[in-house]
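[1] have a look at this prediction, sequence included:
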Amino acid sequence: MRLKEEDIQRNIQKNMHYLMEKKNIKTRKDLSTVLGISQSQLTKILNEGQIPTMYPFFINVRQFFGCTIDDFILTDMEEMDKFIYEVRDEIPEEQYGKLYGLYQVYYYDNAVFKGRERSDDTKALKSGVMILNRRKGTDKRRRVLAALGLDKEEADRLYAETAECFVGHNYETAMSFLNSQGDEVHLYRGEFELSSSNIYISLQFGNRDKSLMIFHKPESTAPKYIGGLGAVVSVSKGRNSAPCIQYVALSRNSILSSHGEIAEHLLTHYPGVKTYDSIDHLVDMVHKLYADEEEKHRLSEEEKKLMIRYRMDKILNEAIERNLFRSVIVSEIDDDEFYHYLKRVNNIH
């Protein structure tokens, strides 16, 4: 649809006021300085609907406010920003309320280079304590405080001690207790939010690490979220800070099972690979080598074996590469299995 001149004038005026507020520009004098025009020119644009010139007005709008000229004149930028950035406000507070509380986190130690890991599950399994809560007052953001980087036994003790402070859902006391741990733990702070399908937990440990945990948001009528299996992107521990992706587990209660039983759920499982099409080609080749009168005498037995081995290796390696190394996906099946595991070990019916 082609916009009329009055529509463009209205967009320019609305967007100018919106960007002025967004950039905290207090006066029209300051705005005219930013745009490189006189105050009288700005008044004509804002009050009388004058269409400004490309230079210097639109050039400075693009450079200072970081928006395209098309967006500035053809759209209502405030409405567009609301559509893009305020999706979380559409999630009812009661859904957030299901997540508020105290959790224990489980993940693998990632300090060792890939291929050089020698630790058993007892040493490799790491844990921590996390609190999810809403900020005070009218601030709708949801806050997270997490103490990570602990052995399971240390995290079990810290969870129990924090839970004592959390009696009666006393978030402030529990958070103060975690904050008091100081150098004994790695304290991560951040926020969490929901989409229609997922839970996003963003955390930061000073200037040393940032992480994003993503979990499935179950469609459940249960009053509380008991935990789940997700993925986390973070910086690996140790002298070489490298990007790292792995599974992470969240539980509203301490899991009192063995290290190995918990660790099993954190493995990036080998997928159920289907190779029917590729195997059909292999079967055709074998049939041709041994049943075709012309082919079966042309090659020696050793040459036939080499050809079959080569084709089989190629099929297996390609299947593994396609299904194991392209991405790490925590499926709904993985999450559901962990959910039922949590129900079993915590006697939730």
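    Yes, it's here. Residues are numbered from 1 along each chain as shown.
[2] and Glu79, how many neighbours?
    Around Glu79 there are 11 other residues, counting by other CB atoms under 10 Å. Placement of C-beta: from N, CA and C, glycine included.
[3] give the contact list for it.
    Under the criterion of CB atoms under 8 Å, 6 or more residues apart in numbering, Glu79 has no contact partners.
[4] looking at the protein, which helix or strand is least sure?
    Lowest on mean pLDDT, DSSP states H and E among the helices and strands of the chain sits helix 121-124, with a mean of 71.
[5] what comes up buried for the helix or strand that comes right after it?
    Proceeding N to C from helix 121-124, the next assigned helix or strand is strand 125-134, under DSSP states H and E. Of the residues in strand 125-134, Leu125, Lys126, Ser127, Gly128, Val129, Met130, Ile131, Leu132, Asn133, Arg134 count as buried by neighbour count, 16 or more other CB atoms under 10 Å.
[6] tell me what strand 125-134 is packed against?
    strand 101-108, strand 142-151, helix 152-165, helix 171-179, helix 259-266 (3 or more CB pairs under 8 Å, 6 or more residues apart in numbering; DSSP states H and E).
[7] on that earlier part again, quick check, nearest of the buried residues of strand 125-134 to His265?
    Distance to His265, by CB to CB, is smallest for Leu125 among those, at 10.7 Å.
[8] what is the mean pLDDT for the helix or strand His281 falls within?
    Element membership for His281, per DSSP H and E: helix 276-291. Averaged across helix 276-291, pLDDT comes to 78.
[9] circling back: so for Gln13, which of the helices and strands packed on strand 125-134 sits nearest?
    Here strand 142-151 is closest among these (CB to CB), at 35.7 Å.
[10] check contacts around Arg141.
    Contacts here follow CB under 8 Å, 6+ apart; on that basis Arg141 touches Arg134, Arg135, Glu191.
[11] nearest spatial neighbour of Gln13, skipping sequence neighbours?
    Nearest residue to Gln13 in three dimensions, chain neighbours excluded: Leu46, at 5.7 Å (CB to CB, 6 or more residues apart in numbering).
[12] do you know the pLDDT at the one you found?
    At Leu46, pLDDT is 91.
[13] can you verify it is assigned to a helix?
    Yes: checked against DSSP: H, G, I helix; E, B strand; the rest coil, Leu46 lies within a helix.
[14] how many residues are close by it?
    16.
[15] does it touch Met16 like I think?
    Yes: with contact defined as CB atoms under 8 Å, Leu46 and Met16 form a contacting pair (6.2 Å).
[16] contacting residues around stretch 160-168?
    Contacts to stretch 160-168, defined as CB under 8 Å, 6+ apart, come from residues Leu102, Val129, Ile131, Thr173, Ala174, Ser176, Phe177, Leu178, Ser254.
[17] at 10 Å instead, please
    101-102, 104, 129-131, 147, 159, 171-178, 181, 253-254 (CB atoms under 10 Å, 6 or more residues apart in numbering).
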